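Asks: give me the fold of what follows.
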Amino acid sequence: MPAEVVFDSIYVQDESISFMASIIYKDKKSELKANGTLYNGYKKKNGINSVVAELTDENDNFDILLFEIYNDVKEDKTIVNFQKRNSNHLKFYLKDRENNIILFEVDIPEELQNISINNERECNPINDVLWFTSIREPHELKKIPFDGNMIEVMGLSEDSGFSTCGIGSTSEWYPGFIYYISYWDFGDYYEWYSFPFGYWRASNVTQSDSTWMTSFRIAEQAMVNGRVASLPPIFEYNNVTMTHCVGGRTSIKRVMYQGAMYDTLKWLGTGGYINRGSITALVSGMYWENILPKLPSLSTIITWLNAIHGEGESKTITLGSNNVKLFDEASVTDSIKLAPRYKLFTDSTYEEGHYLIMQSVVSYECPSKQTSHNTWGSFKISWEVQTIDTLDLFSDDKVISFQYTSSY
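Replies: Have a look, this model is predicted:
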């Protein structure tokens, strides 16, 4: 629709910005009073001078969908003013209370022409290149079976294998599907593929300590019009939970957790990235002495596994510490569930990306020191998935069961 914007009283101090604007459209004039914070835009990762802002209208006349100072001459997508594609411009996209979308692509006001942001904080992508996801419904949202054809789509190596090697080796686990979402946005077709996976390791058990391990990781690929594109991740994983359960004549002595994730109660970017220090989680366990040295069946072990998975007491734990358990005594199961404030997603800023690792130190446990026997162990990993605009999608899990030998 034809519209005009007149900016006034623009004020910038450090990363804070405020301004007034008169929005003239549909034979009326509405006043906007904006206040918010400036960030380096996502496009800066590609060498483009882009600054965006998270803004609110104090007059409550508009939702400010996008405020981007594009101070570069590299070709950029514009929607209503094609002449600005290769020149400096300001994108100012609004939605009024009648759900009208009003798009401005205009000259950068003089007060904003030399904006420079020195810190590395990032705004929510929904206020940046993914602004359209706040006004569009997904075109498609589904799970796609994971097979050999999807390895190439995900940008994974052909020799990734995703094979299960079994006891004594590190094996991959994956749920057998990929999450998929797509959007149309003013002539462009955006697609995201997200693949949760990880590694597990278990070994035969003796009197000496052995380490069992599970990990949770994410691979994600974005495309625009069928071509791989550099875009922020749209899927977020939370309430990630891991549980380890041993079988007969085996106990868990110690547990260690390691990981990297975002703490949503802190600023996004460097300030919210956690890969050391303390986090909050539900921690649970089941005493060894109350259950073993019986020889449980696999169905019994799965029952124990599910009994504590996602349950427990809230504890502050230190990532990388060598003994994080609900109690000091030996156990048959141990579990961790990250607090909802922690989210995991793909993040090119950090080489390892986001992940969670659980390691359990296990050993033979039997008062009568009986001879070896075969028994079952089991791991369970679960997670919830949502999009950056908090659209709740799926809750899924993976259970890994295996036979091993426990011997004195």
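Asks: domain ranges for the chain?
Replies: For the chain, automatic domain parsing gives the domain ranges 3-128, 140-406.
Asks: need the contact list for the residue nearest the centre of the chain.
Replies: The structure's the chain has its C-alpha centroid closest to Phe345; by C-alpha atoms, centre = their mean the separation is 2.3 Å. By C-beta atoms under 8 Å, 6 or more residues apart in numbering, the contact list for Phe345 reads Ile218, Glu220, Pro233, Phe235, Glu236, Tyr237, Tyr262, His354. Placement of C-beta: from N, CA and C, glycine included.
Asks: for it, grab phi and psi.
Replies: Phe345 adopts backbone torsions of phi -160, psi 170, taken as degrees, to the nearest 10.
Asks: Thr37: neighbouring residues, count only.
Replies: By the criterion of other C-beta atoms under 10 Å, Thr37 has 17 neighbours.
Asks: biggest helix in the protein, by residue count?
Replies: Counting by DSSP state H, the longest helix found in the chain is helix 298-308.
Asks: kindly export it (C-alpha atoms) in PDB.
Replies: What follows is helix 298-308, C-alpha atoms only, in PDB (Å, rounded to 0.1, in the frame of the first residue of the first chain):
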ATOM      1  CA  LEU A 298      15.900 -55.700  29.500                       C
ATOM      2  CA  SER A 299      12.300 -54.800  30.100                       C
ATOM      3  CA  THR A 300      13.100 -54.200  33.800                       C
ATOM      4  CA  ILE A 301      16.000 -52.000  32.900                       C
ATOM      5  CA  ILE A 302      13.800 -50.000  30.500                       C
ATOM      6  CA  THR A 303      11.300 -49.600  33.400                       C
ATOM      7  CA  TRP A 304      14.100 -48.100  35.600                       C
ATOM      8  CA  LEU A 305      15.300 -45.900  32.800                       C
ATOM      9  CA  ASN A 306      11.800 -44.400  32.200                       C
ATOM     10  CA  ALA A 307      11.100 -44.100  35.900                       C
ATOM     11  CA  ILE A 308      13.700 -41.300  36.500                       C
END
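Asks: for whatever helix or strand comes next after that helix, buried residues please.
Replies: Using DSSP states H and E, the helix or strand that follows helix 298-308 in sequence is strand 313-318. Across strand 313-318, burial judged by 16 or more other C-beta atoms under 10 Å covers Lys315, Ile317.
Asks: one more: stretch 279-287?
Replies: Ile279, Thr280, Ala281, Leu282, Val283, Ser284, Gly285, Met286.
Asks: please, which helix or strand holds the third one?
Replies: Ala281 is located in strand 278-287, with elements delineated by DSSP H and E.
Asks: dump that strand to PDB, keeping only the CA atoms.
Replies: The C-alpha coordinates for strand 278-287 follow below in PDB (Å, rounded to 0.1, in the frame of the first residue of the first chain):
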ATOM      1  CA  SER A 278      27.600 -23.700  36.500                       C
ATOM      2  CA  ILE A 279      24.200 -24.500  35.000                       C
ATOM      3  CA  THR A 280      20.900 -25.500  36.600                       C
ATOM      4  CA  ALA A 281      19.500 -29.000  35.800                       C
ATOM      5  CA  LEU A 282      17.200 -31.700  37.200                       C
ATOM      6  CA  VAL A 283      19.500 -34.500  38.400                       C
ATOM      7  CA  SER A 284      18.100 -37.900  39.300                       C
ATOM      8  CA  GLY A 285      19.300 -41.400  40.200                       C
ATOM      9  CA  MET A 286      18.400 -44.800  41.700                       C
ATOM     10  CA  TYR A 287      20.400 -46.500  44.500                       C
END
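Asks: parallel or antiparallel, which strands does that strand pair with?
Replies: According to DSSP bridges, strand 278-287 forms sheet pairs with strand 313-318 (antiparallel), strand 331-338 (antiparallel).
Asks: any regions of the stretch 301-408 of the chain where pLDDT drops low?
Replies: Low-confidence segments of the stretch 301-408 of the chain (pLDDT under 70): 322-328, 347-352, 367-370, 390-391.
Asks: hey, where'd the strands end up in it?
Replies: 313-318, 331-338, 342-344, 355-364, 373-387, 392-406 (DSSP state E, counting those that start in this stretch).
Asks: in the chain, which spans are helices?
Replies: Under DSSP H, the chain gives helices at 148-153, 298-308.
Asks: and the residue nearest to Phe379 when sequence neighbours are not counted, how many neighbours?
Replies: Nearest in space to Phe379, with sequence neighbours left out and distances taken as C-beta to C-beta, 6 or more residues apart in numbering, is Ile400 at 4.5 Å. Neighbour count for Ile400, taken as other C-beta under 10 Å: 16.
Asks: and Ile400, how far from Tyr39?
Replies: 41 Å (C-beta to C-beta, to the nearest Å).
Asks: try Leu344
Replies: 22 Å.
Asks: over to Ala202?
Replies: In terms of C-beta to C-beta, Ala202 sits 44 Å off from Tyr39.
Asks: now do Asn59
Replies: From Asn59 to Tyr39 the distance is 23 Å (C-beta to C-beta).
Asks: looking at those two now, which is surrounded by more residues?
Replies: Tyr39 (25 against 12).
Asks: what bridges to that one?
Replies: Val52.
Asks: contacting residues around it?
Replies: By C-beta under 8 Å, 6+ apart, the contact set of Tyr39 is Glu15, Val51, Val52, Ala53, Glu54, Ile117, Arg121, Glu122, Cys123, Asp128.
Asks: could you find the closest non-adjacent residue to the fourth one?
Replies: If I follow you right, that is Ala53. Phe67 (4.3 Å).
Asks: swap in the first one?
Replies: Nearest non-adjacent residue to Glu15, counting by C-beta to C-beta, 6+ apart: Leu38, 4.8 Å away.
Asks: what is the burial count for the one you found?
Replies: Neighbours of Leu38 (other C-beta under 10 Å): 24.
Asks: when you give positions from now on, start the count at 19
Replies: In the new numbering, first residue 19, that becomes Leu56.
Asks: and the gap between it and Glu72?
Replies: Taking C-beta to C-beta as the measure, Leu56 falls 9 Å from Glu72.
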